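*Asks:* I'd like to go over a predicted model; first the sequence, then the structure.
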Amino acid sequence: MQACCRCQNQSNTLANGYAETTTVHDERGSATTLALLSTKKSRHFGAIRGDLVHELVTKHAGKTGDANVVVLLDHEDQAITATLSVARAFPLYTNKHKKEDPRTINVHIHLPAPAANPAAIDTAKLQILADSVRDAAKLVDAPPNELNPTTYVEVVRAVWESRLKQAGVELEVIQGTELRDRGYGAIWAVGKASNNLPALVILSRRIPNAKKNVVLVGKGITFDTGGLAIKSKEGMPTMKVDMGGSAGVFQGFVSAVLTHPPQNYNLHAILCIAENSIDERAFRPDDVITAYSGKTIEVNNTDAEGRLVLCDGVAHACKHLDADVIVEMATLTGAQAFATGLRHAGVLSNRADFEGVVVESGRVSGDLAFPLIFCPELIGIETLMKSEVADMKNSASNRSNAPSTGAGMFVWSHLSPEEKWVEGGEGRWAHIDMAYPVTVGARGTGYGVGLLTTLAETLDNEFAA
């Protein structure tokens, strides 16, 4: 099976963004499909229409047998998006009775001869990126009876032992009742009803004399029942993907360390892993819990649990890692699709310049993103989540007022010291809500790996100056 995509500037818009020839079969039964893709696009797209590349390869490369995918590009800055779009078309997770035979996928990235610059495309880097995207998507696709907080920690530990430890990465796991005893009250509340107790997993790559600390924080809810505010039978299926932010952070960290290990800052990843389950131990509406930041939270919605695990994650980043940059990623709100659509994540930041850097990293990598409103005066804790008995509630009283922003502002309120993280402050914070880009159809996309890897390299270049 062979699929060939040609990405080329077109003066006229092609039907559906691409023109597709009839598939041709040779005498051996092998099929070849040729597609011409238009690179004409809006300003909120990236270097190439990665969605079309993914769609075409998924359709024509088949599910069995070897495949060759040839992508002809106009210039080298299209290579990352093209590669990751192809990688998403070949998911790793399956658990079918009839086992599929192993297959070999050969991907060829070509530039036109006048523009060809082999040194501009690092194939080893692209391979690591592609593997990381597929590994992240595999975690998202894994069912909750296989991937739970206990097994998730085991997966991370295995990758650390086999790939990261030798790269100088340190691993710390705070798990089970240790979280409760050490004051991580928010993540403990969310995960304590599960037989597989919650965990905070911290991966760190430190360099001598580093002056900056960059921390990636991911929401890792391996399954979300909604807690006592239980989801409906229509709303609960697919909640295995609620750990997609942590999958992107985990594999984004792996990719960054293995492709372009930062030379000018310490890089950390925090995975906030829990299962929002129900039994007599479950946290309740009206409970008042104390987060690791020291702030108290009146629970008014047990189905607003993602922000609770994240607030303990960012508080750890501030208290123990002396964070200068915090990027947290989460499948946080269903409202994200209404704010930024199905393919663009929403980005909330305390600094306009950093917001732009995150969005640009999305354009370069194909993990598209678009800004959310940052306006604490109108969409902040005091306005949306005021409590009479605690420092805040965990869910907005008015859910018509930019709920995706409100959820992110809840996490922001647990950063310390507060003056460091205000609008235009010294600290750079970005919240990425990728509730819908985490999947396309029924499959995980590995969203975030490309964006975070690109961002990590951008920051390293900046801090070197």
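*Replies:* Everything's here; your move. Residues are numbered from 1 along each chain as shown.
*Asks:* Do a quick rundown of the strands in the stretch 51-200 of the chain.
*Replies:* 67-72, 105-110, 169-175, 199-205 (DSSP state E, counting those that start in this stretch).
*Asks:* just those: most buried one?
*Replies:* Comparing those by mean neighbour count (mean count of other C-beta atoms under 10 Å), strand 199-205 ranks first with a mean of 23. For the C-beta atoms, the positions are set from N, CA and C on the backbone; glycine is no exception.
*Asks:* chain center to it: distance?
*Replies:* From the chain centre to the centre of strand 199-205 is a distance of 16 Å (C-alpha atoms, centre = their mean, to the nearest Å).
*Asks:* Tell me the helix or strand right after it.
*Replies:* Downstream of strand 199-205, the first helix or strand assigned by DSSP states H and E is strand 213-224.
*Asks:* strand partners of that next one, parallel vs antiparallel please.
*Replies:* strand 266-276 (parallel), strand 325-330 (parallel) (DSSP bridges).
*Asks:* Out of those, flag the one nearest G235.
*Replies:* strand 266-276 (12.9 Å; C-beta to C-beta).
*Asks:* so how far is that closest one from its chain's centroid?
*Replies:* Averaging C-alpha positions (C-alpha atoms, centre = their mean) puts strand 266-276 12 Å from its chain's average.
*Asks:* Report how many residues lie close to the closest residue to D322 other than its chain neighbours.
*Replies:* What sits nearest to D322 in space, not counting adjacent residues and going by C-beta to C-beta, 6 or more residues apart in numbering, is N213, at 5.2 Å. With neighbours defined by other C-beta atoms under 10 Å, the count for N213 comes to 18.
*Asks:* can I assume N213 is in contact with K319?
*Replies:* No: N213 lies out of contact with K319 (C-beta atoms under 8 Å); the separation is 12.0 Å.
*Asks:* List the residues that contact I80.
*Replies:* 47, 126, 129, 364-366, 450, 454 (C-beta atoms under 8 Å, 6 or more residues apart in numbering).
*Asks:* My error: substitute I297 in the last question.
*Replies:* 186, 288-291, 308, 311, 387, 390-394.
*Asks:* Then R163?
*Replies:* With C-beta under 8 Å, 6+ apart, R163 has these contacts: 254, 258.
*Asks:* still on that earlier bit, redo the strands paired with strand 213-224 as a markdown table? Include mean neighbour count and distance to T150.
*Replies:* Formatted as a markdown table, the strands paired with strand 213-224 follow (neighbours: other C-beta atoms under 10 Å; distance: least, C-beta to C-beta, whole Å):
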| stretch | mean neighbour count | distance to T150 |
| --- | --- | --- |
| strand 266-276 | 29 | 9 |
| strand 325-330 | 29 | 21 |
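*Asks:* would a markdown table of those with mean pLDDT be doable?
*Replies:* Below are those laid out as a markdown table (pLDDT from 0 to 100):
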| stretch | mean pLDDT |
| --- | --- |
| strand 266-276 | 99 |
| strand 325-330 | 98 |
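*Asks:* Export the ones you listed as CSV, with columns for distance to T222.
*Replies:* Below are those laid out as CSV (distance: least, C-beta to C-beta, whole Å):
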stretch, distance to T222
strand 266-276, 5
strand 325-330, 13
